[in-house]
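Asks: Kindly generate the corresponding structure for this input.
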Amino acid sequence: MARFRTLDDIGDRFDDLRGKVALVRVDLNLPMQDGAVTDDTRVRASAPTILELADAGAKVLLLAHFGRPKGERHSTMSTSMVLDAVEDVLGREVMFVPEIAGEIVAQAVGILGPGDIALLENTRFWKGEEKNDPDLVKAIAANGDLYVNDAFSAAHRAHASTEGLAHVLPAYAGRSMQAELEALGKALDNPEKPVAAVVGGAKVSSKLDVLQHLVGKVDHLIIGGGMANTFLAARGVDVGKSLCEHDLAATAEAIMDAADTSGCTVHLPYDVVVAKEFAANPPSLRTCNVHEVAEDEMILDVGPQAVEALGDVLKTCRTLVWNGPMGAFETQPFDAATVALAKTAAALTREGSLISVAGGGDTVAALNHAGVASDFSYISTAGGAFLEWMEGKELPGVKALEAR
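Replies: Numbers count the residues shown, from 1 in each chain. Sure, this is the predicted structure:
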C-alpha cells in the first residue's frame, strides 16, 4: 500500500492550525428508530480526529451523507437528525449549518471560533456530490484550508466529499481512516505468513471477486455459509435442498483450480449440521458427513469435526482475514461453528500468535454474538469499502490521500 498522509503530516504545511478551517469527511449514516440514533459507533470512530483538530485550534466543519436522498432535500434525511448524537459523543456544542457551500457556510465560519465544530447539511442533497462535480468541489473547498477524510466506509465512492476535495486542498487521513488502512495493510498488502481467509455468507455470486482475488493472496481459504454448498456441489456432493447456486459450479471449479495453481488450500466442510426445515432447534436436526445429506435436508452449519480441524489450521497461521459467517448464525443452533471458530481466532489473537482482521455487517454481528469482537486485532465496520478492498480494488477515497 502506498504511503498516505495523516494528521501527523499537517505540520509540513501548516505551522499552526489555530483559526484554520478543516473540512472533515465523517460517516454519520447512523441507524435511527423513532427519530433517535440507535448506534453511535461511527461517531465514536471519528471523535478522536474531530477533537484532535479542534483542540489544535482548527474550526472543524463536518461533511457527511445520511440516507439516499438522490440529490433532493428531505427533512427526514437532514444531518440535523444526528446532531444530538454527535454532541453527546464529542461532549461539545456543535453548530448545524443547513448548507455545504456558499455564503451561509462562509458566515458560519466567521461566527465559529478556534476549536469550534459545525455539522454541515447532508452532502447528498446536492446532485453534484455523487457525480463528483468539479464546480461543487470548488464551492465546498472555498470555505476550507485543509481536508481530512475519516470515513473509510465511504472511500470506495468517488464523490465530491470523499475524493474530489482531496485534489484541491491539502488532504490527510483522519485517525480512524489511518487505523483502518494500517490494519488492512498488515492483513493482505504486507502480511505475516501463513495467511488464512474465512469467507462465508449466502451466495458465491456476491463474493466472486473476493474469492478470485484471495486465492492468489492467502495460504488457506476457508469457505463457509451457503456458498460452501455451491463448492461442495461442484465437487459432486449432493447437497439436498440446501441453498446452492448450481449454475456457478464451473466458476467454483475455476476458483479451486486457481487456488491449486497458486498454492492456496481451499477448506470445505466434511461434516455438516442439517435439518429438514430452517427453524430454531428443529426436531429433524442432525450432524452428518457431507456425503450423507438426504434429498429433503438442508445444510445450515459446518459440523464440529470440521470446525476443530479449521481451528488447527488457524493455529498454523500468523494472519487472518474474516468476512462472513460459517452458518445461519442468527438462528440457534446454527451459530455453533461461527462461534467456535471465532473463539479460537480470538484466543490466538490474545496470545499474540495471530493478527486478525474482520469486516462486513454480518461478520461484525456474528463476532459480537460470539462475544469476541473486542479480542480481534481490528474490526472494520465498513461494508462495501471493506469488500472492495478484499476484492483487490483501488479505493478512490484512499488513492486520493496518497503522498505525492
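Asks: CA only for contacts and neighbour counts going forward, please
Replies: OK.
Asks: Give me the phi and psi for the nearest residue to residue 237 once chain neighbours are set aside.
Replies: With C-alpha to C-alpha, 6 or more residues apart in numbering as the criterion, residue 237 has its nearest non-adjacent residue at 6.1 Å, and that residue is residue 291. When read as degrees, to the nearest 10, the backbone of residue 291 gives phi -80, psi 0.
Asks: Below-threshold pLDDT in this protein: ranges please.
Replies: For the chain, applying pLDDT under 70 flags the ranges 1-2, 403-404.
Asks: Could you list the domains of it?
Replies: 7-177, 191-390 (automatic domain parsing).
Asks: To residue 185, which of the ones you listed lies closest?
Replies: domain 191-390 (7.3 Å; C-alpha to C-alpha).
Asks: Ends of the closest one, what's the gap?
Replies: End-to-end distance for domain 191-390: 14 Å, by C-alpha to C-alpha, to the nearest Å.
Asks: still on that earlier bit, burial of the residue nearest to residue 237, as a residue count?
Replies: Look at residue 291: counted by other C-alpha atoms under 10 Å, it has 14 neighbours.
Asks: How far away from the center of its chain is stretch 7-26?
Replies: 26 Å (C-alpha atoms, centre = their mean, to the nearest Å).
Asks: make that stretch 178-185, sorry
Replies: Using C-alpha atoms, centre = their mean, the offset of stretch 178-185 from its chain centre is 12 Å.
Asks: just stretch 260-280 next, same as before
Replies: 24 Å.
Asks: Ok, stretch 355-366 next?
Replies: The answer for stretch 355-366 is 8 Å, by C-alpha atoms, centre = their mean.
Asks: Tell me the buried residues in it?
Replies: Burial within stretch 355-366, assessed by neighbour count using 16 or more other C-alpha atoms under 10 Å, is assigned to 355, 356, 357, 358, 359, 360, 362, 363, 364, 365, 366.
Asks: Go through the residues you listed and flag which are in strands.
Replies: 355, 356, 357, 358, 359 (DSSP state E).
Asks: what's the spacing between the third one and residue 38?
Replies: By that I understand residue 357. From residue 357 to residue 38 the distance is 25 Å (C-alpha to C-alpha).
Asks: if we can go back for a sec, looking at the domains of the chain, which is nearest to residue 397?
Replies: domain 7-177 (4.1 Å).
Asks: Go through the buried residues of stretch 355-366 and name the one nearest residue 104.
Replies: Nearest to residue 104 among the buried residues of stretch 355-366, with distances taken as C-alpha to C-alpha, is residue 360, at 37.7 Å.
Asks: From what I see, the closest one and residue 386 are in contact.
Replies: Yes: Residue 360 is in contact with residue 386 according to C-alpha atoms under 8 Å; the separation is 6.7 Å.
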